[in-house]
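K.L.:
just to be clear, the model below is a prediction. Sequence and coordinates:
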There are 2 protein chains.
Amino acid sequence: MAPNLDGYFKQVDELKGHFIERLREAVAIPSVSAEADRRPDVIRMGHWLVEQLHKLGAETELREPGKQPGTDLDLPPIVLGRYGRDKSKRTILVYGHYDVQPAFKSDGWDTEPFELTVQPDGRLCGRGSTDDKGPVLGWLNAIEAHQKAGIDFPVNLLMCFEGMEENGSEGLDEVVIEEGKKYFADADAVCISDNYWLGTERPCLTYGLRGVNYYSLEISGPGADLHSGVFGGLTHEPMTDLVRVLGSLVEPDGTILVKGIAEQVAPVTADEEGLYEGIAFTMETLHQSLGSKTTIFEDKKKTLMARWRMPSLSLHGVEGAFSAPGAKTVIPAKVIGKFSIRTVPNMEIEKTNQLVYKHVEEAFKKLNSKNTMKVYAQHCGNWWVASPKHWNFEAAAKATERVWGVRPDFTREGGSIPITITFQEATGKNVLLLPMGSSTDGAHSINEKLDTKNYIEGIKLLGAYLHYVAEEEMV
Amino acid sequence: MAPNLDGYFKQVDELKGHFIERLREAVAIPSVSAEADRRPDVIRMGHWLVEQLHKLGAETELREPGKQPGTDLDLPPIVLGRYGRDKSKRTILVYGHYDVQPAFKSDGWDTEPFELTVQPDGRLCGRGSTDDKGPVLGWLNAIEAHQKAGIDFPVNLLMCFEGMEENGSEGLDEVVIEEGKKYFADADAVCISDNYWLGTERPCLTYGLRGVNYYSLEISGPGADLHSGVFGGLTHEPMTDLVRVLGSLVEPDGTILVKGIAEQVAPVTADEEGLYEGIAFTMETLHQSLGSKTTIFEDKKKTLMARWRMPSLSLHGVEGAFSAPGAKTVIPAKVIGKFSIRTVPNMEIEKTNQLVYKHVEEAFKKLNSKNTMKVYAQHCGNWWVASPKHWNFEAAAKATERVWGVRPDFTREGGSIPITITFQEATGKNVLLLPMGSSTDGAHSINEKLDTKNYIEGIKLLGAYLHYVAEEEMV
Ligand SMILES: [Zn+2]
Ligand SMILES: [Zn+2]
Ligand SMILES: [Zn+2]
Ligand SMILES: [Zn+2]
């Protein structure tokens, strides 16, 4: 039976100004995790969140992972929260992060990045508005609206809010794994609100992410950088070798040339074939977000498949070579090519690494160079795919339809959110990605925003989801 | 008839301490032309030099080329000097530079870079000691030793000392061309002391330099840098195209793959074949200076030919891609590959450019990429070869044998000294490169030094050269 949510929705609308003020307070704390100077602000933001939770009657515990490796900086606390201990209710674990990307007005912002500005068109501009302070506060706002409307909260809510997401999530994995069967023991399902709609019109639920294996390919020869006038033509040059090996990895049309990668990719099922056409996504919008028409494919289906379920290999750059503007006649002594492979089912991390190493070694060997080559993975994160038919997703779909009046798209993403897999493995439960913002929010860019509509309807959505997930038949 | 130089040599030895003091004064003025803050010191150095010249009875004129383009910085003066106006004597034009490379103790210097330190082994350590304050003062010291010994100065000496050599020689070309038939009108030959012996034992005279054509190869696609998770696999990536095109330019063994380059290279003459074996140069020393055994050739002759008389193509780096340590999952939107070709007789600059453009365009076209490619020469400087049999060289060879007791090697160099050609073209006279320092002086490195022996014998050499060149039969 569809839950009665009218009272809750009405209350959210009435608290709109209050909720925007809460977001303003949060944005005003410049909790930039990647800047050493801002670390005290990140920690202050964690304590602000604890205070807010206490005011709402939630219990909290802090996990403090100590110093950031290689620095004297304290890691900000991982805030664990619990609201409700009713054994007759389901328990839902939610995750978000309270740190933000760096932002300076001088980067080109139209407004002060750490002053939330309500624009005439409804945009709530400010660093962290959409990534991820808006969604984190969404859960708190949902609690408050229930309290003020006098409506029973439908679930026990477990919360895990971290302050290092934009800087490698240092310490989080360990805590999540550690608490999987402790603090999170009674979780029935997991919900993460830290991604975005595919476009700007239709909401979505996300059930898959690509993984990423990131490689360094070092080629070294001379003991120090050389002058190309003096040494050009008489020594093997690491850059010459490097571009050859990098060029052997991938075709200009994106085809990966490392043998054995394609064979690992799960075949497209008949079921899946029909999945793409209905998705709210157009090549025009893609061209707009690319800022060019340099897409490899002309059609939506192949493009979405390329993003969601096919591996890709990108060359990111070269460390150690001349990289400034102008002209420098250097022969770099040691160059490190950086490339990564986005991975998909059923690719295996270790197998993929071995295939890459083998390919690179063979390609280098063919060069007959006297230079020295080394290749290694800098970091690897697995792909993730959940079942979109799980009752957790079904509940979220119903809530979305109730709030937005439209069935959400079921989407995957090309990027990685490594903590998703950690939550899945630590709790053994289904994980749902339930976005609040839209594709144009500019999470890591200047003029980051969250539309007022997405914020307020998003608060309704998170609350509605908890009602539906409390009732949804577990299948 | 060999000139009687004993009195002069004796006087130089007697003034040794005084000459070292003069070098100490010069080194103490940190005339770093590439640092805006040091510009007043560069200008001060120019005026110090004028003062020294006046004390020796030389006339001077300053050429002040105005502001450095794109900055508010005054260009340091080009110091023109003349010592002697005896129409019965030959006139020799010499060039040097009084600016130096940047240097900070913290770069790893054992001593303060702007305090000349006399080491127990005779090294005169300090920035500019060998490049090029030692040689510049060499001319002044030669004048002084003649005066103090009461020996008639054998030639009229024209001097051209600039203060921007380490920063692009801004304004110099124009002045040299302008003065070719004016201030320099009576020059009979030109001598530049701003390079080094091939090794550490045997002096050399240099009669050839390679040229350099420096290229930028831009490939652009997306409007801005992209996240490889979101866009990897669905767009053409500029880096993928760039490494392919760069990889098509040159083999790992140094073979240039641009069609038409090899055909422009002057054939090796029978005369030349015998030239290399006698040169004081060993593969061992080369391996030491390389810091590795990654030479393409195993033998001296091929190696020297590769440096002196064969073109080479080096890949210097990539602008616009990820170049820092660590991992960044970026798809760079616009990347600029930098490469250059060292040119030799009889390559033509414009023809070479056209061959490179054609090659790059064809290589890019083969990729079938939707990205956009642009290639252009950033700067081009011609190769230079003088006749080592010219009386100017013959005089220098005799002077070298007299001072060092050994016939000098006749060498070419792999690098470029563009002003050499300008002097040759502006005056129409033979240009000789007559080095004072040796290959281990570390001109642009930390702990730059000039051996006391090279400084003092070098002063003798410059003076002796003037005596021989005054008498040498003009053939
Ligand atoms: Zn986020
Ligand atoms: Zn983020
Ligand atoms: Zn120099
Ligand atoms: Zn120099």
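P.N.:
Sure, I can see it. Values in this document were obtained by computation on a predicted structure and should not be read as measured data. Ligands and ions are numbered 1, 2, ... in the order given.

K.L.:
how many residues are close by A:Val176?
P.N.:
Using other C-beta atoms under 10 Å in any protein chain shown, A:Val176 has 24 neighbouring residues. Any C-beta I mention is one placed from the backbone N, CA and C, and that applies to glycine too.

K.L.:
quick check: phi and psi at it.
P.N.:
When quoted as degrees, to the nearest 10, the phi and psi of A:Val176 stand at phi -60, psi -40.

K.L.:
which residues touch it?
P.N.:
Neighbouring residues of A:Val176 by C-beta atoms under 8 Å, 6 or more residues apart in numbering or on different chains: A:Cys160, A:Phe184, A:Ile419, A:Thr422, A:Phe423, A:Ala426.

K.L.:
the fourth one contacts A:Val175, doesn't it?
P.N.:
Which is A:Thr422. No: when contacts are counted by C-beta atoms under 8 Å, A:Thr422 is not listed as touching A:Val175 (9.6 Å).

K.L.:
about what we covered before: the contacts of A:Val176: which two are farthest apart?
P.N.:
Spatially, the most separated pair among the contacts of A:Val176 is A:Phe184 and A:Ile419, at 12.8 Å (C-beta to C-beta).

K.L.:
show me the helices in the stretch 351-475 of chain A, by range?
P.N.:
Using DSSP state H, counting those that start in this stretch, the helices assigned to the stretch 351-475 of chain A run over residues A:391-404, A:418-427, A:452-471.

K.L.:
among those, which is nearest B:Glu165?
P.N.:
Across the helices of the stretch 351-475 of chain A, B:Glu165 has its closest neighbour in helix A:418-427 (53.2 Å, C-beta to C-beta).

K.L.:
avg pLDDT for the closest one?
P.N.:
Mean pLDDT, helix A:418-427: 96.

K.L.:
packing partners of that helix?
P.N.:
Counting contacts by 3 or more C-beta pairs under 8 Å, 6 or more residues apart in numbering or on different chains; DSSP states H and E, helix A:418-427 packs against strand A:91-97, helix A:172-179, strand A:189-192, strand A:384-385, strand A:431-433.

K.L.:
that one: how far from the chain's middle?
P.N.:
Taking C-alpha atoms, centre = their mean, to the nearest Å, one finds helix A:418-427 lying 13 Å from the centre of the chain it belongs to.

K.L.:
do stretch A:34-42 as well
P.N.:
A distance of 21 Å separates the centroid of the chain from that of stretch A:34-42, by C-alpha atoms, centre = their mean.

K.L.:
end to end on it, go ahead and measure it.
P.N.:
End-to-end distance for stretch A:34-42, by C-alpha to C-alpha, to the nearest Å: 10 Å.

K.L.:
hmm, who's touching it?
P.N.:
For stretch A:34-42, the surrounding residues in contact (C-beta under 8 Å, 6+ apart) are A:29-33, A:71, A:73-74, A:76, A:98-99, A:101-102, A:163-164, A:166-167.

K.L.:
burial measure for A:Ile349, as a count.
P.N.:
A count of nearby residues for A:Ile349, using other C-beta under 10 Å, gives 16.

K.L.:
re the thing from before, a markdown table for the helices and strands packed on helix A:418-427, including mean pLDDT?
P.N.:
Shown next, in a markdown table, are the helices and strands packed on helix A:418-427 (pLDDT from 0 to 100):
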| stretch | mean pLDDT |
| --- | --- |
| strand A:91-97 | 98 |
| helix A:172-179 | 97 |
| strand A:189-192 | 98 |
| strand A:384-385 | 96 |
| strand A:431-433 | 98 |
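
K.L.:
only alpha carbons, please: show the lowest-mean-pLDDT helix or strand in chain A as PDB.
P.N.:
Averaged element by element with mean pLDDT, DSSP states H and E, chain A has its least confident helix or strand at helix A:270-273 (a mean of 88). The C-alpha trace of helix A:270-273 is given here as PDB (Å, rounded to 0.1, in the frame of the first residue of the first chain):
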ATOM      1  CA  ALA A 270      19.100  -9.700 -25.000                       C
ATOM      2  CA  ASP A 271      17.600  -8.100 -21.900                       C
ATOM      3  CA  GLU A 272      20.200  -5.400 -22.000                       C
ATOM      4  CA  GLU A 273      19.800  -4.700 -25.700                       C
END
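
K.L.:
setting aside sequence neighbours, what's the nearest residue to the residue nearest in space to the middle of chain A?
P.N.:
Nearest to the geometric centre of chain A sits A:Ile417, at 4.2 Å (C-alpha atoms, centre = their mean). Counting by C-beta to C-beta, 6 or more residues apart in numbering or on different chains, A:Ile417 lies nearest to A:Leu209, which is 5.7 Å off, once chain neighbours are set aside.

K.L.:
sorry, back to before: closest to A:Asp152 out of the helices and strands packed on helix A:418-427?
P.N.:
Taking C-beta to C-beta, strand A:91-97 is the member of the helices and strands packed on helix A:418-427 nearest to A:Asp152, at 14.9 Å.

K.L.:
the closest one close to ligand 1?
P.N.:
No: Strand A:91-97 lies out of reach of ligand 1 by C-beta under 5 Å from the ion, never closer than 5.6 Å.

K.L.:
got the CA positions of that strand in PDB?
P.N.:
Only the C-alpha atoms of strand A:91-97 are listed here, as PDB (Å, rounded to 0.1, in the frame of the first residue of the first chain):
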ATOM      1  CA  THR A  91      17.300  -0.200   9.200                       C
ATOM      2  CA  ILE A  92      18.700   1.800   6.300                       C
ATOM      3  CA  LEU A  93      22.300   2.900   6.200                       C
ATOM      4  CA  VAL A  94      23.100   6.100   4.300                       C
ATOM      5  CA  TYR A  95      26.400   7.600   3.300                       C
ATOM      6  CA  GLY A  96      27.500  11.000   2.300                       C
ATOM      7  CA  HIS A  97      30.500  13.300   2.700                       C
END
